[in-house]
Every structure is written in C-alpha cells, then in structure tokens.
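K.L.:
okay, structure incoming, though there's no sequence with it:
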C-alpha cells in the first residue's frame, strides 16, 4: 500500500525557514521496519508517523535516519499542524501517545500548535573540557556560572550554555566525534544556548 510522506517546516517565522520534518498520516499499516526504512529514505532529522490509538487522539512514533526516538518537538508540531491544515482536526485540545508518555496537544484558532512536555529530569553535569574538541571551541566561549548538564523531558540531551549569541555561529562541529560522545553519554546530541537579555527580541538563541 502506498503512503504519502509530507515535508513540513515547524517553528517558522512569518512563514519562512523553520525546522523540516517528515510526516506520514494514516501509518497504521506500517511495521517498525517500514517506518525506519521510510525515515531513512526521507533523510530528515526526524519523521513522525501518525497512528490510531484507543487511549489517545493519536499515537505518534518518531524515527531518525537510523533509529526510533521517544519524542521529537518539531516533528510533533509539524504533524499536528498538518492535520489541522488539511481539515482533519479543528482547533481544540487533544492527546498524543508517545514512547515518552501520554502528552497533551493544544491547537489554537490561529493554527498555532502547543505541545506538553514531561517535567524535566536533571542528570549529570559534564565538564566543558570534554566538549571543546567536539566543536572547535575554547573555554572563553563558556560562562563560568552555568555548567553543561544532561536534561530530559522525554529524551536525554546535553544542554550547554555559551557566553553570548555570537558563539553559536563560531562552533565547528566534528559530527563523527559528537556521535561517539553522544553514544557514550546516552544522549541525543548537544544543545548550545545563550540568553541574550536586554532588548533582544528573543528569549533565547540556540544551536543543536
């Protein structure tokens, strides 16, 4: 049976840019092997598969190009936005079953999608010295107060504060080394962020 795979950009600004995700609706007939094969072929960071569920509005499964993950924010927003845009759902309150648990979804009349995340679990802190070679950085790029720490709201990620927004553009990731580091720490990857403050139009800037 053929399936349609949509490309949807989430977190757009004025309809531009955003984070692309794959979305497959009516994925009930797909096995895990099928979903992984489609996600690998699609080539997005994550692809969401929407399936029927008896205790939630829908079940969503998320696959990267190589494996399944418990939850994915931008693919969640993409999937629910697509269903709204296609007229499959009205504005309202819904639920999605994920490997990270049963989570609430809210679709506003404007079409904006909001997703619940689990309460954050905080794990070990990671010395900056272990991160420097992964992104071609030096210690002056990092503040002396907040420390990198592994945090999860459904998937473990290493959150890394940097001194200012300009640092984000200077990072040169060694993807092979980051992959090995992430496997060793059992994390999905590195999430660098800064808090601009002052008159900045954004609350935070980040690079993942």
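P.N.:
Sure, I can see it. Being a predicted model, the structure only gives us computed values, none of them experimental. Residues are numbered from 1 along each chain as shown.
K.L.:
run through the neighbouring helices and strands of the biggest helix by length in the chain.
P.N.:
When the chain is parsed with DSSP state H, its longest helix is helix 73-85. Counting contacts by 3 or more C-beta pairs under 8 Å, 6 or more residues apart in numbering; DSSP states H and E, helix 73-85 packs against strand 5-10, strand 19-24, strand 47-51, strand 58-63, strand 92-98, strand 101-107, strand 113-115. The way it works is simple: take the backbone N, C-alpha and C, and place the C-beta from them, glycine included.
K.L.:
and those, which is most packed in?
P.N.:
Scoring those by mean neighbour count under mean count of other C-beta atoms under 10 Å gives strand 47-51 as the most buried, with a mean of 26.
K.L.:
out of the helices and strands packed on helix 73-85, which comes closest to residue 141?
P.N.:
strand 19-24 (24.1 Å; C-beta to C-beta).
K.L.:
which strands border the closest one, and is each parallel or antiparallel?
P.N.:
Paired neighbours of strand 19-24 in the sheet (DSSP bridges): strand 5-10 (antiparallel), strand 47-51 (parallel).
K.L.:
so how far is the last one from its chain's centroid?
P.N.:
Average the C-alpha atoms of strand 47-51, do the same for its chain, and the two points are 14 Å apart (C-alpha atoms, centre = their mean, to the nearest Å).
K.L.:
again, but for the longest one
P.N.:
If you compare the mean C-alpha spot of strand 5-10 with that of the full chain, they lie 14 Å apart, counting by C-alpha atoms, centre = their mean.
K.L.:
averaged pLDDT, it. What do you get?
P.N.:
Averaging pLDDT along strand 5-10 gives 96.
K.L.:
give me the angle between it and helix 73-85.
P.N.:
Interaxial angle, strand 5-10 versus helix 73-85 (axes from the mean of the first three to the mean of the last three C-alpha atoms, to 10 degrees): 110 degrees.
K.L.:
which outside residues touch strand 5-10?
P.N.:
For strand 5-10, the external contacting residues (C-beta atoms under 8 Å, 6 or more residues apart in numbering) are 17-25, 38, 42, 44, 47, 73-75, 77-79, 81-82.
K.L.:
how about stretch 109-120?
P.N.:
For stretch 109-120, the external contacting residues (C-beta under 8 Å, 6+ apart) are 71, 73, 76-77, 80-81, 84-85, 91, 96, 100-101, 103-108, 151-154.
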